[in-house]
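Undergrad: heads up, no residue letters with this:
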């Protein structure tokens, strides 16, 4: 079983739409969770950390369900600039905080 | 804002040659990492480095790979004898090590092409 699994998409949505997608992780001892954004052939950049209570950052809302071991990201009022690959990232239980990445969900926002 | 830097941005080499990829982590960070991403695939952990030694390494990080922190600022990844399948983006990352929620910051990557 993969450590982190994501729906690859692509999600093709019009500007202003809401888009949501999930990921699941296999290691129940994982302690911290993130969404990173990756633009084509660029480095991953932190979008937001994900907390147990759920958290919001502007148009982005992340949820964590530890019992079901899944994480979600919702983007409201999509902008053209939101077009990217969104990486679900889990901090593996280890002493050195290494990260395990999902393969990414591609979102394309069209005018 | 401090950032992780990497050089070169693109390296082309012949199969069997040695390459050294260089990184300058953020100055007050304590943990350093190399990840790689083969085109079209996910980002994969290679190795972590703390207190001047390897903390953990993946199955990918075999005897052909080594890391070094030769001075107080640089962090290098060496591939001794490159193979075609080593062609990938290599990302360096660092974090302060303040806990599991600490952010890892990634450099812009080095694109390695092995011919």
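TA: Structure's in. What do you need? Bear in mind the structure is a predicted one, so any value in this text is a computation, not a measurement. Numbering: from 1, shown residues only, chains lettered A, B, ... in the order given.
Undergrad: show me where chain A dips below the pLDDT cut-off.
TA: Applying pLDDT under 70 to chain A flags the ranges A:95.
Undergrad: can you name the residues of it that neighbour chain B?
TA: A:31-32, A:34, A:41-46, A:49, A:87, A:91, A:94-104 (C-beta under 8 Å from any C-beta of the partner chain). In short, each C-beta sits where N, CA and C put it, glycine included.
Undergrad: one more pass at 6 Å, please.
TA: A:31-32, A:43-44, A:46, A:91, A:96, A:98, A:101, A:103 (C-beta under 6 Å from any C-beta of the partner chain).
Undergrad: closest to residue B:36 out of the residues you listed?
TA: Using C-beta to C-beta, residue A:101 comes nearest to residue B:36 of the residues of chain A next to chain B, at 11.0 Å.
Undergrad: can you get me a residue count around residue A:93?
TA: 14 (other C-beta atoms under 10 Å in any protein chain shown).
Undergrad: so what's it up against?
TA: Residue A:93 makes contact with residue A:29, according to C-beta atoms under 6 Å, 6 or more residues apart in numbering or on different chains.
Undergrad: same question, residue A:109
TA: A:13, A:15, A:78, A:80, A:82-83.
Undergrad: can you rerun that using 7 Å?
TA: Residues in contact with residue A:109 (C-beta atoms under 7 Å, 6 or more residues apart in numbering or on different chains) are A:13, A:15, A:78-80, A:82-83.
Undergrad: and the strands in chain A?
TA: Here chain A has its strands, by DSSP state E, at A:4-6, A:11-14, A:19-25, A:32-38, A:45-50, A:55-57, A:60-65, A:70-75, A:84-91, A:99-101, A:105-110.
Undergrad: just say which of the ones you listed is most tucked in.
TA: Of those, the one with the most neighbours on average (mean count of other C-beta atoms under 10 Å in any protein chain shown) is strand A:84-91, at a mean of 24.
Undergrad: now the angle from that one to strand A:60-65?
TA: Going by axes from the mean of the first three to the mean of the last three C-alpha atoms, to 10 degrees, strand A:84-91 is angled at 40 degrees with respect to strand A:60-65.
Undergrad: part of a helix, is residue B:103?
TA: No - using DSSP: H, G, I helix; E, B strand; the rest coil, the assignment for residue B:103 is coil, not a helix.
Undergrad: and it, how many residues sit next to it?
TA: Residue B:103 sits with 16 neighbouring residues when counted by other C-beta under 10 Å.
Undergrad: bridged to the residue nearest to it when sequence neighbours are not counted, which residues?
TA: Distance criterion C-beta to C-beta, 6 or more residues apart in numbering or on different chains; nearest residue to residue B:103, sequence neighbours excluded, is residue A:46 at 5.4 Å. When bridges are called by DSSP bridges, residue A:46 pairs up with residue A:36.
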